[in-house]
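1. I would like to see how this sequence folds:
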Amino acid sequence: MIRSMTAFARKDARGDWGTLTCEIRTVNHRYLEPSFRLPEAFRELESRFREELRKGLKRGKVDVSMRLQSAENEVQSFEINDEIASAVNEAANHINRMLDNPAHISALDILRWPGVMSVPEQDYSAAQTAAAELFAETVAELVSVREREGERLRPLFEDRLATISELVAEVRERMPELLAAQEQTLRDRFEKAKVELEPERVAQEMVMLAQKSDVAEELDRLDAHVSEVRETLQGDQAIGRRLDFLMQELNREANTLSSKSFDAAVTRAAVDLKVLIEQMREQVQNLE
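-> Numbering: from 1, shown residues only. Model (predicted):
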């Protein structure tokens, strides 16, 4: 399965507790690196969310954002500690009686005193349950988006792999003709130099020439790597790292083919191979 590491998913959920919004963005990264921005009430869910991500994603930098908007009809209430408020007021009055110019203490001053006013702890259990379900749905949507984006790249890989196979076949077909031309060129040089053509000497030179220009092994490896790439593209697991390795191997064989080339057509084929491989490698960098 081809999955892109660049994707975005957003899901919303509503209930008596208000409205939840979950957004997940991913970009390419060597490993799975999640970061979370969650409401304080959902902080305890972060470890659960991380585990959920590991089930659906293997690689990528992941930014998770979740927002909770409380219901409009929810009225914020406060609790007043009458004992502390009374003690603060008595203490203030006691000090004022000791002063020549006492300052008036307001109700707001008393409310600011630590412990006088508090917000009762809210029950977020229902919202947390909804948040866990919403997050799982968003991850599933994200995986689906990554798969769709990845599958759009399949024709690109298939077209370039087919072209690579064609180039390899053309070079392989031309090799006997090219070697024969090289042998004739060698004989012509001997004749021009008026050197006696000793059969043993010619055989030695041809062996050396064949060793230097033999690219059969490189062509075989290119075919083998192309087959391996095609097989990998059909796999169900994360394939990005393996494809990246195969792109390096393909590029190595193309470079070797270019270094052994003694014909302009083979050199052009090697250059075309490297261009095709680089185009695939650029896309592979963004695959899971």
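
2. Please name the residues that touch the residue lying closest to Gln285 once chain neighbours are set aside.
-> Spatial nearest neighbour of Gln285, chain neighbours left out: Asn28 (6.1 Å); criterion: Cβ to Cβ, 6 or more residues apart in numbering. C-beta coordinates here come from the backbone N, C-alpha and C atoms, glycine included. Contacts for Asn28 (Cβ atoms under 8 Å, 6 or more residues apart in numbering) come out as 5-6, 59-61, 285-286.

3. mind redoing it with 7 Å?
-> By Cβ atoms under 7 Å, 6 or more residues apart in numbering, the residues touching Asn28 are 5-6, 60, 285-286.

4. Likewise for Leu287?
-> Contacts of Leu287 (Cβ under 7 Å, 6+ apart): 2-5, 150, 239-240, 243.

5. low pLDDT regions in the stretch 101-250 of the chain?
-> Applying pLDDT under 70 to the stretch 101-250 of the chain flags residues 119-121, 178-214.

6. Now do the helix or strand hosting Ala132: which elements does it pack against?
-> Using DSSP states H and E, Ala132 sits in helix 125-151. Counting by 3 or more Cβ pairs under 7 Å, 6 or more residues apart in numbering; DSSP states H and E, the packing neighbours recorded for helix 125-151 are strand 7-15, strand 18-27, helix 46-56.

7. which residues sit against the shortest one?
-> Translated: strand 7-15. With Cβ under 7 Å, 6+ apart, strand 7-15 has contacts from 19-26, 126, 130, 134, 137-138, 141-142, 145-146, 149.

8. What subset of those residues is buried?
-> The neighbour-count test (16 or more other Cβ atoms under 10 Å) marks 20-26, 130, 134, 138, 141-142, 145-146, 149 as buried among the contacts of strand 7-15.

9. quick check, nearest of those residues to Ala91?
-> When the buried ones among the contacts of strand 7-15 are compared for distance to Ala91 (Cβ to Cβ), Leu20 wins out at 45.1 Å.

10. CA atoms only for stretch 234-244, dumped as PDB, please.
-> Extracted in PDB, the C-alpha atoms of stretch 234-244 (Å, rounded to 0.1, in the frame of the first residue of the first chain):
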ATOM      1  CA  GLN A 234       2.200  -4.200  -3.800                       C
ATOM      2  CA  GLY A 235       3.000  -4.700  -0.100                       C
ATOM      3  CA  ASP A 236       0.600  -3.800   2.700                       C
ATOM      4  CA  GLN A 237       3.200  -2.500   5.100                       C
ATOM      5  CA  ALA A 238       5.000   0.900   5.200                       C
ATOM      6  CA  ILE A 239       7.300   0.900   2.100                       C
ATOM      7  CA  GLY A 240       9.000   4.200   2.200                       C
ATOM      8  CA  ARG A 241      12.300   3.200   3.700                       C
ATOM      9  CA  ARG A 242      12.700   0.100   1.600                       C
ATOM     10  CA  LEU A 243      11.900   2.100  -1.600                       C
ATOM     11  CA  ASP A 244      14.500   4.700  -0.600                       C
END
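
11. quick one: buried residues of that stretch?
-> Buried residues in stretch 234-244, counting neighbours by 16+ other Cβ under 10 Å, are found at 238-240, 242-243.

12. Out of those, name the ones that lie in helices.
-> Counted as lying in helices by DSSP state H, out of the buried residues of stretch 234-244, are 240, 242-243.

13. The residue sitting furthest away from the middle of the chain: which element?
-> Farthest-out residue of the chain from its mean C-alpha position, per Cα atoms, centre = their mean: Asp100, at 72.5 Å. Under DSSP H and E, no helix or strand contains Asp100.

14. what are the phi and psi values for it?
-> For Asp100, the backbone dihedrals (degrees, to the nearest 10) come out as phi -70, psi -40.

15. Thr19 bridge partners, please.
-> Arg14, Gln69 (DSSP bridges).

16. could we number from 5 for the rest of this?
-> I'll keep to 5 as the first residue from here, and by that count the last item is Thr23.

17. mind listing the helices in the chain by residue range?
-> Using DSSP H, helices in the chain cover 50-60, 86-102, 111-116, 129-155, 158-196, 203-217, 220-237, 244-264, 268-288.
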